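Colleague: kindly return the folded structure for what I paste below:
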Amino acid sequence: MLRRTFCEITSIAVVGTFVPFMSCSGPEASLVRKLNLPTTMATINESSTIIEVGNAYLDQNPSENSPKILINQLLINSKDGSISKNTDSKTLQKLMSQKVKADFDNGETVIVRGWVLSRTEARQCALYSLSQSNN
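Modeller: Here you go, the predicted model:
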């Protein structure tokens, strides 16, 4: 099965499974919940693995060790400029899937703890990790 197809098929299941259990506070809490779960990683790993990958990515990229910075990076859309913070969850998940595909197409990948991830997926893991450390 193609990675993209796998992502599309599992997106709905992942959002339905994990979003109710995520919590964070602050003005951007809703946005963090929409952005912080990398679809592919969440379907095949436990949250502890996602946290480990996110922490490792932050160790490799200390300049991105902030939810605000990660959110800003995730909301950059190479085609249209930036993505609105008010975008609904379903559209945002679709846009993140497109960003993941574009990252792979453009060679924007990173190796974190043995995983070859798109930069977008790695940032989502990092955001998830930071959101869980605040609980």
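Colleague: for the rest of this, base every contact and every neighbour count on C-alpha atoms.
Modeller: Will do.
Colleague: wait, residue 54 sits on residue 122?
Modeller: Yes: if you go by C-alpha atoms under 8 Å, residue 54 and residue 122 touch, sitting 6.4 Å apart.
Colleague: between these two, who's got more neighbours?
Modeller: residue 122 (29 against 25; other C-alpha atoms under 10 Å).
Colleague: quick one, what contacts that one?
Modeller: Going by C-alpha atoms under 8 Å, 6 or more residues apart in numbering, residue 122 touches 38, 53, 54, 57, 110, 112.
Colleague: from those residues, which is closest to residue 86?
Modeller: The nearest member of these to residue 86, counting by C-alpha to C-alpha, is residue 38 at 19.2 Å.
Colleague: where along the chain do the helices fall?
Modeller: 3-18, 29-35, 39-44, 47-60, 67-74, 89-105, 119-133 (DSSP state H).
Colleague: in terms of mean pLDDT, which of those ranks lowest?
Modeller: Across the helices of the chain, helix 3-18 has the smallest mean pLDDT, namely a mean of 43.
Colleague: ok, back up a step: columns distance to residue 82 on top of the helices of the chain, output as TSV?
Modeller: Shown next, in TSV, are these (distance: least, C-alpha to C-alpha, whole Å):
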stretch	distance to residue 82
helix 3-18	22
helix 29-35	14
helix 39-44	21
helix 47-60	23
helix 67-74	9
helix 89-105	11
helix 119-133	14
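Colleague: highest mean neighbour count out of these?
Modeller: helix 119-133 (a mean of 25; mean count of other C-alpha atoms under 10 Å).
Colleague: quick one: that helix to helix 47-60, angle?
Modeller: For helix 119-133 against helix 47-60, the angle by axes from the mean of the first three to the mean of the last three C-alpha atoms, to 10 degrees is 110 degrees.
Colleague: shouldn't residue 117 be in contact with residue 109?
Modeller: Yes: with contacts counted by C-alpha under 8 Å, residue 117 reaches residue 109, the gap being 5.4 Å.
Colleague: intersection of neighbour lists for the two?
Modeller: By C-alpha under 8 Å, 6+ apart, no residue touches both residue 117 and residue 109.
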